[in-house]
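Participant: Quick one: sequence plus predicted model below, questions after.
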Amino acid sequence: MAIMATSLLCPDMNESGVCSGRARQAPAHVPTVVLLIGMAGSGKTTVMQRLHAHLHPQSKRPYIVNLDPAVTHLPYTPNIDIRDTVQYPEVMKQYQLGPNGAILTSLNLFTTKFDQVLGLLDKRKDSVDYILIDTPGQIEAFTWSASGSIITEALAASYPTVVLFVVDTPRTGNPATFMSNMLYACSILYRTRLPFIVLFNKADVLDCDFAIDWMKDYDAFQTALHAMTPDGHDPPYMHSFVQSMSLVLDEFYSILSPVKFSAVTGLGSQELLVALEKAKVEYEQEYKPELERMIAERNQRVAGEKQQQLSKLMRDIKLEEEKEGKQDKGKGKQK
Ligand SMILES: Nc1nc2c(ncn2[C@@H]2O[C@H](COP(=O)(O)OP(=O)(O)OP(=O)(O)O)[C@@H](O)[C@H]2O)c(=O)[nH]1
């Protein structure tokens, strides 16, 4: 009976109950990539510092990548830093760009070398548990740029990847601001389709229970919204617009994991690690199979296109040969 029970875990078990082959090997160690995304000043860098400090005593090893070329001071030492490769002030000068354009161009330049970053991560993947990626404060430079997509997709194709969307809780107390923040989160989720955690940061300044309540209870949000904009004070289209938006977002909230956090006090650090583990499982069960299906579909399409091109080439060669044969016959008759 004991052997029967274990054989479920070990499909390669022999008659003497000895487990052989691939099932005996421990599952490969794979670090989780955490992409920290959030509005300027939401606390990404401080969250990174807190996570770093929280992981070390638990013997969980982080590996930090800084993708913000414009940051002047970091309270930690990143393992990979975009600033070592691209000089942001030089990019501004050389390409005559403003601050945002220079961030985008720096990111584009860095992306051309991202295969080297992947190479470094590959070398370190067995000895780290989390790969933490800090992104530029100008959120759109990462979330709406081609380089941001390339970096995200390259990471998500190799590692379980999670988006950690950092929200400045004290600045989201107004229902309209809250909804704008959530719409932004929704657009990032739509683009990346990755497991998504909403981190309500700065909970030491303002408790985020109200926001979690708005996410869980449609009526609570409507009441807050109504209290802020009593009927008759808004243009007529506004009420129905906000109503439809809240309905759309209501569906979206069900797939989000909110975490109450303070990068300053450390509140919610353990809850964040639990949420990250859950997101990793979600990646393995939902994102990865979908990714593999897409890759298989693309390979099939490419193979089909190659076959079509080959058939066309063979047809052309045959036609050419037939044409040459006819010309030879014609010449023979003339003689
Ligand atoms: N009270 C409080 N302040 C915080 C917390 N997290 C960050 N801050 C403060 O918020 C400010 C911005 O924090 P940063 O970590 O620089 O924010 P960021 O998102 O990296 O900023 P950018 O790089 O400009 O996008 C700093 O003054 C931090 O000290 C928090 O949990 N509580």
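Facilitator: Done, it's in.

Participant: Name the helix or strand for the residue of the chain found nearest the ligand, please.
Facilitator: Closest residue of the chain to the ligand, Cβ to the nearest ligand atom: Gly137 (2.2 Å). All C-beta atoms are positioned from the backbone trio N, CA, C, and that covers glycine. Under the criterion of DSSP states H and E, Gly137 resides outside all helices and strands.

Participant: pretty sure it contacts Gly43?
Facilitator: No: at 10.4 Å, Gly137 does not count as touching Gly43 under the criterion of Cβ atoms under 8 Å.

Participant: higher neighbour count, these two?
Facilitator: Taking neighbours as other Cβ atoms under 10 Å, Gly137 and Gly43 compare with Gly43 leading, 23 against 18.

Participant: mind checking the backbone torsions on that one?
Facilitator: Per-residue torsions, Gly43: phi 110, psi 20 (degrees, to the nearest 10).

Participant: Surely it touches Val166?
Facilitator: Yes: counting by Cβ under 8 Å, Gly43 does reach Val166; the two are 5.7 Å apart.

Participant: between those two, what contacts are shared?
Facilitator: Common contacts of Gly43 and Val166 (Cβ atoms under 8 Å, 6 or more residues apart in numbering): Asn201.

Participant: Could you find the closest non-adjacent residue to Ala135?
Facilitator: Small correction: residue 135 is Thr, not Ala. In space, and not counting its chain neighbours, Thr135 is closest to Phe142: 4.3 Å by Cβ to Cβ, 6 or more residues apart in numbering.

Participant: An error on my part: the question was meant for Tyr287.
Facilitator: Closest to Tyr287 by Cβ to Cβ, 6+ apart is Leu194, at 6.2 Å.

Participant: again with Arg171
Facilitator: What sits nearest to Arg171 in space, not counting adjacent residues and going by Cβ to Cβ, 6+ apart, is Thr177, at 6.6 Å.

Participant: Where does that neighbour sit: helix, strand or coil?
Facilitator: helix (DSSP: H, G, I helix; E, B strand; the rest coil).

Participant: pLDDT score assigned to it?
Facilitator: On pLDDT, Thr177 comes in at 86.

Participant: what number of residues lie near it?
Facilitator: Thr177 is flanked by 12 other residues according to other Cβ under 10 Å.

Participant: Would you map the helices across the stretch 151-300 of the chain?
Facilitator: 175-192, 209-216, 218-228, 236-253, 269-282, 288-334 (DSSP state H, counting those that start in this stretch).

Participant: Out of the ones you listed, name the one with the poorest average pLDDT.
Facilitator: Averaging pLDDT over each of those puts helix 236-253 lowest, since it has a mean of 77.

Participant: ok, now which ones touch Pro258?
Facilitator: Ile197, Val198, Phe200, Cys208, Ala211, Ile212, Met215.

Participant: Export these to TSV and append columns for neighbour count.
Facilitator: Listed next are the contacts of Pro258 as TSV, based on neighbours: other Cβ atoms under 10 Å:
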residue	neighbour count
Ile197	20
Val198	26
Phe200	25
Cys208	26
Ala211	24
Ile212	16
Met215	22
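
Participant: and which of these is nearest to Lys331?
Facilitator: Set against Lys331, the nearest of those by Cβ to Cβ is Ile197 (77.9 Å).

Participant: Go ahead and confirm that closest one touches Val162.
Facilitator: Yes: Ile197 lies in contact with Val162 (Cβ under 8 Å); the separation is 6.3 Å.

Participant: Name the residues contacting each of the two.
Facilitator: Shared contacts of Ile197 and Val162, counting by Cβ under 8 Å, 6+ apart, come down to Leu276, Ala279.

Participant: Output the set of residues of the stretch 201-335 of the chain in proximity to the ligand.
Facilitator: Asn201, Lys202, Asp204, Val205, Ser262, Ala263, Val264 (Cβ under 6 Å from any ligand atom).

Participant: Next step: those restricted to strands.
Facilitator: Taking DSSP state E as the definition of strands, these contribute Asn201.

Participant: Which pair in the residues of the stretch 201-335 of the chain next to the ligand has the greatest spatial separation?
Facilitator: Going by Cβ to Cβ, the pair spanning those furthest: Val205 and Ala263, at 11.0 Å.

Participant: Would you mind telling me which of these two has more residues around it?
Facilitator: Ala263 (25 against 12).

Participant: check contacts around that one.
Facilitator: So Ala263 contacts Gly43, Thr46, Val47, Gln49, Arg50, Asn201, Lys202 (Cβ under 8 Å, 6+ apart).

Participant: How confident is the prediction for the closest residue to the fifth one other than its chain neighbours, by pLDDT?
Facilitator: In space, and not counting its chain neighbours, Arg50 is closest to Ala263: 4.4 Å by Cβ to Cβ, 6+ apart. For Ala263, the pLDDT comes out at 97.
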